[in-house]
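Colleague: coords below, sequence missing:
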């Protein structure tokens, strides 16, 4: 793939992210662990609803320093602040159908990473993804959906081709491949994001959300972040 992204503003030693950290995670592993902790509270029905009061609203009015970027699917059941039990100023959320990428999405991610200093980018997909199902149907029947929906389908087709090459036929497996494909495409198409990852300022991972259970799991990303995943720790 070609690198189509344009480099963002690189924070030098004298450049600080907009806003001020308020005791939040400062590195990728910390940020991922915080997401998992919040998701566990959501799953068990014990949310704390942090940073959702008037005091927090006032604290972040003049600046922000979110600890994670969530590039998620637009599905109405995938509200990041709810499933990760977070509040104002915690998450920088960008959502498109099927978490498909475009210049506006990549520019938003670059802003969060390079200007706001966010240390973690998460591609968040989910089971029973309508965009993946629509792409499968269009590919199988040879018919294209109307209007701009075709752009969403076209963006998912490379993931279908990869699944075919790997012999993956079940929808859940294809969704995981599509998440991983989005992670790879994001790094390939954004020079600024790739540079931040190479410098150790940021990490990019892929997560999948189970609609019925409410749980997330990591399906793509660097091995050195596996310790933040409860499932990985249990398997170790």
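Modeller: Yep, that arrived. Here the structure is a predicted model, which is why all the values come from computation and not from measurement. Numbers count the residues shown, from 1 in each chain.

Colleague: so which helix or strand takes in residue 212?
Modeller: Residue 212 belongs to no helix or strand when assigned by DSSP states H and E.

Colleague: for residue 63, same thing?
Modeller: Judged by DSSP H and E, residue 63 forms part of no helix or strand.

Colleague: Count the neighbours of it for me.
Modeller: By other CB atoms under 10 Å, the residues close to residue 63 number 12. Where you see a C-beta, it was placed from the backbone N, CA and C, and this is true even at glycine.

Colleague: ditto for residue 48
Modeller: Count around residue 48 with other CB under 10 Å applied: 13.

Colleague: Quick check, it in contact with residue 41.
Modeller: Yes. In this structure, residue 48 is within contact of residue 41 by CB atoms under 8 Å, at 6.1 Å.

Colleague: list residues touching both of the two?
Modeller: Shared contacts of residue 48 and residue 41 (CB atoms under 8 Å, 6 or more residues apart in numbering): residue 85.

Colleague: quick one: low-confidence parts of this structure?
Modeller: The model of the chain has pLDDT under 70 over residues 1-23, 226-236.

Colleague: Okay, strands next: where are they in the chain?
Modeller: With DSSP state E as the criterion, the chain has strands at 68-73, 91-96, 120-126, 203-209, 216-220.

Colleague: ok, the fourth one: who's next to it in the sheet?
Modeller: Okay, so that is strand 203-209. strand 120-126 (parallel), strand 216-220 (antiparallel) (DSSP bridges).

Colleague: With the second one instead?
Modeller: Applying DSSP bridges, strand 91-96 is found paired with strand 68-73 (parallel).

Colleague: roughly how far is the partner strand from the heart of the chain?
Modeller: 3 Å (CA atoms, centre = their mean, to the nearest Å).

Colleague: what's next to that strand, contact-wise?
Modeller: Contacts of strand 68-73 (CB under 8 Å, 6+ apart): 25, 31-32, 34-35, 78, 80, 84, 90-99, 101, 105, 109, 112-113, 118-126, 129, 131, 182, 186.
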